[in-house]
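Participant: predicted structure and sequence below. I'll ask about it afterward.
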Amino acid sequence: MTLLGLPIETALVVFGFPLFWIAYTIVFLIRTRHWERDDAADDETR
Amino acid sequence: MTNGESVLCMREQVDAVGALRIVGSIGDTSKAAIERKIYYPYFWFRARCRTTTLLGRRVVSANCLIDARNGLGATADSFETEASMVEADALLAARTTVGEADRAARRFVAHSFGRSLRMLADFGVTTKALGLVYKAFWLVRVGGLTVLVDSMTGSVYPMKAQ
Amino acid sequence: MSTTVIVFLVLYYVVVLGIGYWAARRGAGENLEGYLLGGRNVGPMTTALTLQSTTMSGYMFLGAGGLGFAQGYWALWYAVGDIGGGVLNLSVIGRRMRKLSQMLGALTSIEYLEKRYPSPAIRLIGGTLTVFLLGFYVLAQLIAGGKGMALVTGMPYPVALAIAVLVILIYTFMGGYLAVAYTDFFQSLIMLVGVVWIMSAALAELGGPTAAHAQIAAVDPTLLTMWGKDLGFEGQWGVVAGALLIFSVGYMGWPHVVTRHMAMTRPATARRAGAWATLWNLFFVPTPYVLGVLAVVILPGLADPEMAIFEIAVKLLPAAVTGLVMAAIMAAIMSTADSLLLQTGSIASRDLYERFINPKATEKQMVAVSRGLVLIIAVIGYAVALVEPPTVFSIVVFATTVLGSAFLPAYVCAVWWRRANTPGALASIVAGATVAFVWEANGLVDSTQLHPMLAGVTTSTIAMVVVSLLTQRSSPVPPHILDAMTESDRVGPIPERFLRAADSSLAPAASEVAHALREEVRNDQR
């Protein structure tokens, strides 16, 4: 079995890891939403 | 109550009412109360440096404030000063010497320049010491919390209850 | 080399200079002082792009392509770790390190280590190690610059190398001309567009990805596996783990990269920069490796595998595009070399010379030391690059492995582990660097099937934990550092809405005020 001509194991690594990092980034963004408000408050008071 | 002392202060932009309003807008207005006012010491320098940009050689000068308690450097936008009578127990004493502060100021300015321009060069930093200048901070009590309010910028910083 | 390529090469530099001029005028009109002294330009996008693209350009355009050409898809183990390097670094230590370095008043990343783990030995060993390794790292950029210049201009390699080294020196000594945030951004964009363009041309030439892979399979099917040419790495998970770690978690141990956290305008910059880093990396990072693999069929008789990407560009792109893309790549290499040299110079002058040799050094003397060191590196680099140039890949992997192994636990524990103390950090740095170095130098990877990065970082982590725990009583972490850590962490009884509103630049003053108030109370009680 192949994907775009790549063996399936290779395709899994090559596409799976980027998906993992995308998920990691999204989770990071969601969990740190309050950092942004920290800045907004900073702007108002400056 | 101790004796008053005449010191050079940065002209306040945020008064007690303003400080209460800022803290109130974050926490609970009805519970916010001014606890005290503290005058924080900085060594004030005027730093001048030479730099070559695409527009030719320029001399840049900037205000540089060195925290007189811990020696940390910062640059500052221009500010007005005024002589004020301040009660001695509201003044925090300077802990660094003017010599140490001068060195810190040169180091800080040269470092910032090198980093911004990304170059290894002698910027010929010269400093002119303008003496100690104090900035007032409001300590606002709200609930079990003491909040530090910068009287120049209105920025806040929560501290544990004292 | 065609004249069109050279014309567009020149055109590129004119545009970059134009952007620099425009930005300088704009800056001068508004607030040059603020720009120069406040460092307020370090926004999320610039943070992200410089974090990734301008630290690794020589490696990306030569090393990555060369590895892809030699080992096929195995090379992608390095890429898939690297994609997450930026966001991992920013999410784990970015914000906390920004706050803690401010609290401790550190200007360089080595000074930060000494303030967190108080001991001159930390700065002496950390600084010396970093100067040595970054100097080595610069060598890779010199070789990359020389090879690229030779290809673009058609000049003999020794002449091209000399010009590249000279340009890099001018860049470093007079950087103000070009180094404006806008040019960094423009350059990064052209680099990205450039590699994507080369990739599209390569895929078009081969009839799409599926057809390309079929052609590679016809040459050597093992190149399409994740185990290297002739399955040379089959089952070697210890090597795979190292390849994954080196550019993902490894970043957190590189003093020249983590120093950028300290320059972030605001702690929350780390958040958006993380997102930018991932987005950029997804497109940029894997492409050079895959281009190297495709070169197996596009350039079957390629003499120097590390030239794969340059040669594909020359072969497949229109001359004008080649000129632009090559110019951007060259500029990126120069810019990387420049920032590495700046770091090396400032660590040598501030962290070693001023700290240990001449504490009363004037700014002039410090600059002389930095420049002297940069010149020495350039001369030695030129000689090595001329006589027997190692591959860019091997240099970069060596330098980054030793740096990562030495400093990763020290930087991570600095903000996350309150019991990490000076003996622990010293043991970790020395043990990590030694093991990684010995592993690399003696080729232990073949006999042990463990990547030097894995061996090094495991050793340094164990050393940090064990030694810190054993020496808690004799060398406790000083209270002022614990206080600063608490501040940079900010968990506790303070309501969250106040934490959100807090201006962290007031943290040092707040801590002084709190200290003074405590003293006052103590005096009153007496």
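Facilitator: The structure has been received and is ready for your questions. Remember, it's a predicted structure, so these values are computed and weren't measured experimentally.

Participant: so what's the gap between the strand or helix carrying C:Gln102 and the chain middle?
Facilitator: Using DSSP states H and E, C:Gln102 falls within helix C:95-104. Averaging C-alpha positions (Cα atoms, centre = their mean, to the nearest Å) puts helix C:95-104 20 Å from its chain's average.

Participant: which strands or helices does it pack on?
Facilitator: helix C:109-116, helix C:255-262, helix C:269-284, helix C:392-416, helix C:479-489, helix C:507-525 (3 or more Cβ pairs under 8 Å, 6 or more residues apart in numbering or on different chains; DSSP states H and E). Yep, even glycine has a C-beta here, placed from its N, CA and C like the rest.

Participant: which among these is found nearest to chain B?
Facilitator: helix C:507-525 (4.2 Å; Cβ to the nearest Cβ).

Participant: so C:Asp338 touches C:Ile170, yeah?
Facilitator: No. Applying Cβ atoms under 8 Å, one finds C:Asp338 not in contact with C:Ile170, separated by 9.4 Å.

Participant: ok, back up a step: in TSV: the helices and strands packed on helix C:95-104, plus distance to A:Met1, mean neighbour count and mean pLDDT.
Facilitator: Formatted as TSV, the helices and strands packed on helix C:95-104 follow (distance: least, Cβ to Cβ, whole Å; neighbours: other Cβ atoms under 10 Å in any protein chain shown; pLDDT from 0 to 100):
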stretch	distance to A:Met1	mean neighbour count	mean pLDDT
helix C:109-116	47	25	94
helix C:255-262	40	24	84
helix C:269-284	25	23	89
helix C:392-416	32	25	95
helix C:479-489	49	17	83
helix C:507-525	56	16	80
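
Participant: returning to that earlier point: comparing C:Asp338 and C:Ile170, which residue is more hemmed in?
Facilitator: Neighbour comparison, C:Asp338 and C:Ile170: the larger count goes to C:Asp338, with 27 against 15 (by other Cβ atoms under 10 Å in any protein chain shown).

Participant: what sits closest to that one if chain neighbours are left out?
Facilitator: Spatial nearest neighbour of C:Asp338, chain neighbours left out: C:Tyr171 (4.4 Å); criterion: Cβ to Cβ, 6 or more residues apart in numbering or on different chains.

Participant: what strand or helix carries that neighbour?
Facilitator: C:Tyr171 belongs to helix C:157-173, assigned by DSSP H and E.

Participant: who are the neighbours in contact with the residue in chain C positioned nearest to chain A?
Facilitator: Per Cβ to the nearest Cβ, C:His213 is where chain C lies closest to chain A, at 2.9 Å. Counting by Cβ atoms under 8 Å, 6 or more residues apart in numbering or on different chains, C:His213 makes contact with A:2, A:4-6, C:224.

Participant: same thing but 10 Å
Facilitator: By Cβ atoms under 10 Å, 6 or more residues apart in numbering or on different chains, the contact set of C:His213 is A:2-7, A:10, C:73, C:206, C:221, C:223-224, C:293-294, C:297.

Participant: among those, which ones are buried?
Facilitator: A:5-7, A:10, C:73, C:206, C:223-224, C:293-294, C:297 (16 or more other Cβ atoms under 10 Å in any protein chain shown).

Participant: now intersect those with the strands, please.
Facilitator: Among those, the residues falling in strands (DSSP state E) are A:6-7.

Participant: kindly reformat the buried ones among the contacts of C:His213 as TSV containing pLDDT.
Facilitator: Shown next, in TSV, are these (pLDDT from 0 to 100):
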residue	pLDDT
A:Gly5	91
A:Leu6	94
A:Pro7	95
A:Thr10	95
C:Tyr73	97
C:Leu206	96
C:Leu223	97
C:Leu224	96
C:Val293	97
C:Leu294	97
C:Val297	97
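
Participant: which of the buried ones among the contacts of C:His213 sits closest to C:Ala150?
Facilitator: Relative to C:Ala150, the closest of the buried ones among the contacts of C:His213 is C:Leu294; by Cβ to Cβ it sits at 22.9 Å.

Participant: find the nearest non-adjacent residue to that closest one, please.
Facilitator: C:Ala202 (4.8 Å).

Participant: which helix is the longest one in chain B?
Facilitator: helix B:98-117 (DSSP state H).

Participant: quick one: average pLDDT of that one?
Facilitator: What helix B:98-117 shows for mean pLDDT is 84.

Participant: other SSEs contacting it?
Facilitator: strand B:33-53, strand B:56-67, strand B:73-76, strand B:126-142, helix C:319-346, helix C:363-387 (3 or more Cβ pairs under 10 Å, 6 or more residues apart in numbering or on different chains; DSSP states H and E).

Participant: would you confirm that C:Val87 contacts C:Gly274?
Facilitator: Yes. Counting by Cβ atoms under 10 Å, C:Val87 touches C:Gly274, with 4.1 Å between them.

Participant: quick one: neighbours of B:Thr146, just the number.
Facilitator: Here the number of neighbours of B:Thr146 (other Cβ under 10 Å) works out to 22.

Participant: same thing with the one 4 residues further on?
Facilitator: Taking other Cβ under 10 Å as the neighbour definition, B:Asp150 ends up with a count of 26.

Participant: so it touches B:Tyr157, yeah?
Facilitator: Yes. With contact defined as Cβ under 10 Å, B:Asp150 counts as touching B:Tyr157 (8.0 Å).

Participant: so what sits against both of these two?
Facilitator: B:137, C:503, C:505-506, C:509.

Participant: out of those, the closest to C:Leu244 would be?
Facilitator: Nearest to C:Leu244 among the shared contacts of B:Asp150 and B:Tyr157, with distances taken as Cβ to Cβ, is C:Ser505, at 37.3 Å.

Participant: and the closest one, how far from C:Val193?
Facilitator: 37 Å (Cβ to Cβ, to the nearest Å).

Participant: again with B:Gly18
Facilitator: In terms of Cβ to Cβ, B:Gly18 sits 50 Å off from C:Val193.

Participant: for B:Glu87, same thing?
Facilitator: Distance of B:Glu87 to C:Val193, computed by Cβ to Cβ: 64 Å.

Participant: hey, which helix or strand in chain B has the poorest pLDDT?
Facilitator: Within chain B, confidence by mean pLDDT, DSSP states H and E is lowest for strand B:73-76 among all helices and strands, at a mean of 72.

Participant: pLDDT (mean, whole number) over whatever helix or strand comes next after that strand?
Facilitator: Scanning forward in sequence from strand B:73-76 by DSSP H and E, the next helix or strand is strand B:81-87. For strand B:81-87, the mean pLDDT works out to 90.

Participant: from memory C:Leu11 sits against C:Met326, does it?
Facilitator: No. With contact defined as Cβ under 10 Å, C:Leu11 does not reach C:Met326; the gap is 12.0 Å.

Participant: looking at the two, which is more packed in?
Facilitator: Set C:Leu11 next to C:Met326 and count neighbours by other Cβ under 10 Å: C:Met326 wins out with 27 against 14.

Participant: mind listing what the more buried one touches?
Facilitator: C:1, C:5-6, C:8-9, C:12, C:61, C:148-149, C:151-153, C:194, C:310, C:313-314, C:317.

Participant: what do you get for C:Gln365?
Facilitator: Contacts of C:Gln365 (Cβ under 10 Å, 6+ apart): B:122, C:349, C:353-354, C:357-358.

Participant: just the buried residues of these.
Facilitator: Buried by 16+ other Cβ under 10 Å: B:122, C:349, C:353-354, out of the contacts of C:Gln365.

Participant: let's have the residues you listed in TSV, adding distance to C:Arg418.
Facilitator: Below are those laid out as TSV (distance: Cβ to Cβ, whole Å):
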residue	distance to C:Arg418
B:Asp122	41
C:Ser349	32
C:Tyr353	33
C:Glu354	30
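
Participant: can you add distance to C:Asp483 and secondary structure and give those residues back as JSON lines?
Facilitator: Converted to JSON lines, the buried ones among the contacts of C:Gln365 look like this (distance: Cβ to Cβ, whole Å; DSSP: H, G, I helix; E, B strand; the rest coil):
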{"residue": "B:Asp122", "distance to C:Asp483": "37", "secondary structure": "coil"}
{"residue": "C:Ser349", "distance to C:Asp483": "31", "secondary structure": "helix"}
{"residue": "C:Tyr353", "distance to C:Asp483": "31", "secondary structure": "helix"}
{"residue": "C:Glu354", "distance to C:Asp483": "27", "secondary structure": "helix"}
